[in-house]
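Novice: one predicted model, sequence on top.
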Amino acid sequence: MRKILFVCLGNICRSPAAEALFRARCPQIATDSAGTSDYHIGDPPYGPMQAAALARGVDMSDLRARQFSAGDFAAFDLIVVMDHANRHDVEALRPSGSTTPVMLFAPMAGAAAVQEVPDPYYTRDFDGCLDLLEAAAAGLQRHVALSD
Ligand code: 4NP
């Protein structure tokens with residue numbers, strides 16, 4: 001496992017936060033994030049999400065939004081999505097023959113975890129989102145360690 005891509009809808013809340021939390025744990029793994037939409041291409045992470053992350057010592061100010069594309073299937077070893085809609089939109093672009101795994105992030109937090117990472121752009125619960133992303137990042141770190 002060398003390259004992991006985190007995907008959400010806008011690429012300004014959940015996936016850049018997931019990337020920032022995970023890269024702090026696993027700096028040896030190349031990471032990126034992308035949105036299934038074109039809503040925020042070129043934008044930095046959403047201000048309230050950046051502030052909530054920085055309060056935990058996680059700086060994500062260097063990240064910029066981009067849109068997911070079919071080429072990402074070949075460029076990454078694993079694609080991690082935040083909800084079922086993300087998975088559907090990503091799978092719609094899978095090139096024929098591609099076997100790159102696409103996994104939901106929230107279940108990596110543990111057996112009792114929810115399936116989806118709720119979108120704090122709408123819920124406004126940035127800290128709750130970061131709690132779930134942090135637990136899932138720890139689970140993904142274990143997954144990566146076991147797969148090497
Ligand atoms: P994200 O949240 O998918 O976690 O980045 C969103 C941010 C912005 C929008 C939707 C979701 N939007 O519609 O602008």
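Specialist: Great, that's in hand.

Novice: please make it C-alpha for all contacts and neighbour counts, starting now.
Specialist: Fine.

Novice: and Ser96, how far is that from the ligand?
Specialist: 26 Å (CA to the nearest ligand atom, to the nearest Å).

Novice: so what does the helix ranked longest in the chain touch, helix or strand wise?
Specialist: The residue-count maximum for a helix in the chain (DSSP state H) belongs to helix 126-147. When contacts are defined as 3 or more CA pairs under 8 Å, 6 or more residues apart in numbering; DSSP states H and E, helix 126-147 packs onto helix 14-25, helix 47-54.

Novice: got those helices as TSV, with distance to Gly139, mean pLDDT and mean neighbour count columns?
Specialist: Shown next, in TSV, are these (distance: least, CA to CA, whole Å; pLDDT from 0 to 100; neighbours: other CA atoms under 10 Å):
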stretch	distance to Gly139	mean pLDDT	mean neighbour count
helix 14-25	10	98	24
helix 47-54	19	98	17
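
Novice: using CSV, lay out those helices together with distance to Tyr122.
Specialist: Output for those, formatted as CSV (distance: least, CA to CA, whole Å):
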stretch, distance to Tyr122
helix 14-25, 11
helix 47-54, 12
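
Novice: the ligand: which of the ones you listed is closest?
Specialist: Evaluated with CA to the nearest ligand atom, these place helix 14-25 nearest to the ligand, the distance being 3.8 Å.

Novice: pretty sure Phe6 sits in a helix.
Specialist: No. Phe6: not assigned to a helix; according to DSSP: H, G, I helix; E, B strand; the rest coil it is strand.
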